[in-house]
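Colleague: Fold the following for me, if possible:
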Amino acid sequence: MKKTILILLTGFVLFTFASCDNEPDLREPTASASVVGGNTITPPAYPTRASLTLNGSGEGYDSEVVTYTWTMKSNPDGVLGTPAPVGTGAQVVVNDLRKAGQYTFVLTVARPNGVTKTDEVTVTIEPWVATKDVTEVP
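Modeller: Numbers count the residues shown, from 1 in each chain. The predicted structure is shown next:
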């Protein structure tokens, strides 16, 4: 946004002129997506379902408040036609991931004027390993 102020002083009369350019501020916010603990998750044991914590950060212009929205873009079955909502807020916990494979999550950071920036993170859920207690017989 441009502002121009012109002050003229002639004799004893002070003139002030101001003009304001009302162009919208289209500067994008920043966005950064990550997974707490790393991008590879090993489930504890079958049939436990995997969970993870998504961590986002972002900044608007001049310290303005931004909003965070998380969606799931793809899962082990492929790219979703419509991204599935995961949650809002800088940090979101995702539970009940039932299938091993790759999941892609998208963070959208939005400024109050609607300008957005996205970042994505891909997480690999490793296959569950069946465990069995074996006791040796003497």
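Colleague: residues touching residue 59, list them.
Modeller: 29-30, 66, 109 (CB atoms under 8 Å, 6 or more residues apart in numbering). (C-beta placed from N, C-alpha, C; glycine too.)
Colleague: Highest neighbour count among these?
Modeller: residue 109 (25 neighbours; other CB atoms under 10 Å).
Colleague: name the element that one belongs to?
Modeller: Secondary structure from DSSP states H and E places residue 109 in strand 101-110.
Colleague: Would you check how far apart residue 53 and residue 92 are?
Modeller: Applying CB to CB, to the nearest Å, the value for residue 53 to residue 92 is 7 Å.
Colleague: And these two? Which one has more around it.
Modeller: Neighbour totals were compared for residue 53 and residue 92, and residue 92 leads with 18 against 12 (other CB under 10 Å).
Colleague: Is residue 57 bridged to anything, and to what?
Modeller: residue 32 (DSSP bridges).
Colleague: I'd like to know how far it sits from residue 119.
Modeller: Distance from residue 57 to residue 119, by CB to CB: 9 Å.
Colleague: Find the residues that touch each one of those two.
Modeller: 31-32.
Colleague: Give me the neighbour count for the closest residue to residue 111 other than its chain neighbours.
Modeller: The shortest distance from residue 111 to any non-neighbouring residue, by CB to CB, 6 or more residues apart in numbering, is to residue 60 (4.5 Å). Residues lying near residue 60 (other CB under 10 Å) number 21.
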